[in-house]
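Sequence unavailable; structure follows:
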DNA sequence: GAAACTCGTTAAACTGGTTTAATAAATAGA
DNA sequence: TCTATTTATTAAACCAGTTTAACGAGTTTC
């Protein structure tokens, strides 16, 4: 069996969906196993799937002038994809890379859209999950514009302590918008105070 | 007559909606006129409406320790609200203030939700407009974490040149995450080069 | 038309980051 | 187990911003 229980609950968290309808859709998801450092998406590729991360950790980043710029870390129980590529069916310019061995469920774009067409309930799930994602992202924008690096580092430490175990420090620095050197100095300053 | 043509086209931009169904919903929108410096939302207030900006310019900001932190400028032809307050029906901690005299259409939350219930098409419009808002916000996050202040200033100048006419400089500085002094220095540096 | 604000620029001193480079420590590969 | 690679820290020089304060040019207000 496919162990879709978490994915199912994730959908039901947003809105009621007929068990039978939902079941019929979820079996269409493919299971993808990723080893550490495997890529789910590379630049140039057209992303035609929406993903759900069952287990593991995925780093969403782009590379510019040889430098890695981390946009997000995805961990257990989230939906994700490279949305610009997915929506417009254009070549991605990002990476989705497993930082540790991971388990992902994937649904093809046509299949997902067919679900939205066939079920008002699933369409609603789509709207509400997108709305929640938007709100989370907005509070991130808020933090980025209002808070200092130090505040944001401390908040990350508090809200996602696991990341510091699973993810190398220089990627966290990039995610916080600074260099590894800068982060190192920041940590030192904090440890003294 | 209520001049709902722009709002109507905005909805239709996202997805097909039966003209009749849409018409029936749009007449439920109230029209709100705002003078320069009028508030649409103040902290403490529970936001129970979703807005469409027909004309004018609205500044979305919060105040902390007496300092204004600009989160967004809304200009003609966008949907907006204070989402955290709207979604969770909790007191807002933001302002929505007209920077110039503005014209807004507003729909009550109950009415909007009723529309989503009654029409799969409108639910889809809700999903797709939210998806687009998410993507735009994501590219802003991208810029905030990857680009320098200078790059972001130049981009704003290019993408939203009107803002520099309508909005005082110190609000733009805040939006860009810097002080008026810092922005002034940046401009001077650029004008020399 | 004077007084009171608002807004933008400048200067000076400071600070939290950057870059580059060297070194140390930890991890992975054969 | 030894080597090679990756990751984290430190130092030094630098720089783009900050804070505070002062000043001048517009605007409002009455």
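That came through fine. Keep in mind that what you see is a predicted model, and the values were worked out from it rather than measured.

show me the contacts for residue A:145.
With contact taken as C-beta atoms under 8 Å, 6 or more residues apart in numbering or on different chains, residue A:145 is in contact with B:69-71, B:144, B:175, B:177. Placement of C-beta: from N, CA and C, glycine included.

For the longest strand along chain A, name the packing helices and strands.
Under DSSP state E, the strand in chain A containing the largest number of residues is strand A:49-64. The helices and strands touching strand A:49-64, judged by 3 or more C-beta pairs under 8 Å, 6 or more residues apart in numbering or on different chains; DSSP states H and E, are helix A:5-14, strand A:67-75, strand A:78-80, strand A:95-108, helix A:109-118, helix A:169-175, helix B:120-146.

Redo the contacts of residue A:145 as CSV? Include distance to DNA strand D, neighbour count and pLDDT.
Converted to CSV, these look like this (distance: C-beta to the nearest atom of the strand, whole Å; neighbours: other C-beta atoms under 10 Å in any protein chain shown; pLDDT from 0 to 100):
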residue, distance to DNA strand D, neighbour count, pLDDT
B:69, 12, 17, 95
B:70, 13, 21, 96
B:71, 16, 18, 96
B:144, 13, 17, 93
B:175, 12, 22, 97
B:177, 7, 16, 95
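
ok, so of these, who is nearest residue B:124?
Among the contacts of residue A:145, residue B:71 lies closest to residue B:124 (C-beta to C-beta), at 27.7 Å.

give the contact list for that closest one.
So residue B:71 contacts A:138, A:141-142, A:145, B:60-62, B:94, B:175 (C-beta under 8 Å, 6+ apart).

What residue in chain A comes nearest to DNA strand D?
residue A:169 (3.1 Å; C-beta to the nearest atom of the strand).

Residue A:44: which of the helices and strands packed on strand A:49-64 is closest?
strand A:95-108 (10.6 Å).

what's residue A:165 sitting at in phi/psi?
Main-chain torsions, residue A:165, degrees, to the nearest 10: phi -90, psi -40.

so who does the closest residue to DNA strand C within chain A touch?
DNA strand C sits closest to residue A:182 of chain A, with a gap of 1.9 Å, by C-beta to the nearest atom of the strand. If a contact means C-beta under 8 Å, 6+ apart, then residue A:182 has A:149, A:173 as its contacts.

go on, the one 5 residues further on?
With contacts defined as C-beta under 8 Å, 6+ apart, residue A:187 is in contact with residue A:153.

Please parse chain A into its domains.
Using automatic domain parsing, the domains assigned to chain A come out as A:5-126, A:147-193.

what about the first one and DNA strand C, touching?
Translated: domain A:5-126. No: shown here: domain A:5-126 not in contact with DNA strand C (C-beta under 7 Å from any atom of the strand), separated by at least 7.5 Å.

Now for the residue of chain A closest to DNA strand D: which residues touch it?
A:180, A:183-184.

next one: residue A:18
With C-beta under 8 Å, 6+ apart, residue A:18 has these contacts: A:119, A:121.

got it, and residue A:70?
Here residue A:70 is in contact with A:59-61, A:171-172, A:174-175, B:145 (C-beta under 8 Å, 6+ apart).

try 7 Å this time
Residue A:70 sits next to A:59, A:61, A:171, A:174-175 when contact means C-beta atoms under 7 Å, 6 or more residues apart in numbering or on different chains.

so residue A:156, which of the three states?
Secondary structure for residue A:156, judged by DSSP: H, G, I helix; E, B strand; the rest coil, is helix.

neighbours of it, just the number please.
By the measure other C-beta atoms under 10 Å in any protein chain shown, the count of residues near residue A:156 is 17.

What of residue A:67?
Residue A:67, neighbours per other C-beta under 10 Å, totals 11.

can you give me phi and psi for the closest residue to residue A:50 other than its chain neighbours?
Sequence neighbours aside, residue A:81 is the residue nearest to residue A:50 in space, at 4.8 Å (criterion: C-beta to C-beta, 6 or more residues apart in numbering or on different chains). Here is the backbone geometry of residue A:81 (degrees, to the nearest 10): phi -170, psi -180.

Name the residues of stretch A:48-63 that are buried.
A:48-62 (16 or more other C-beta atoms under 10 Å in any protein chain shown).

Need the mean per-residue confidence for the helix or strand harbouring the residue of chain A closest to DNA strand C.
Assigned by DSSP states H and E, residue A:182 belongs to helix A:180-192. The predicted model assigns helix A:180-192 a mean pLDDT of 93.

cool, and stretch A:57-64?
Stretch A:57-64 shows a mean pLDDT of 95.

do stretch A:124-140 as well
pLDDT averaged over stretch A:124-140 gives 97.
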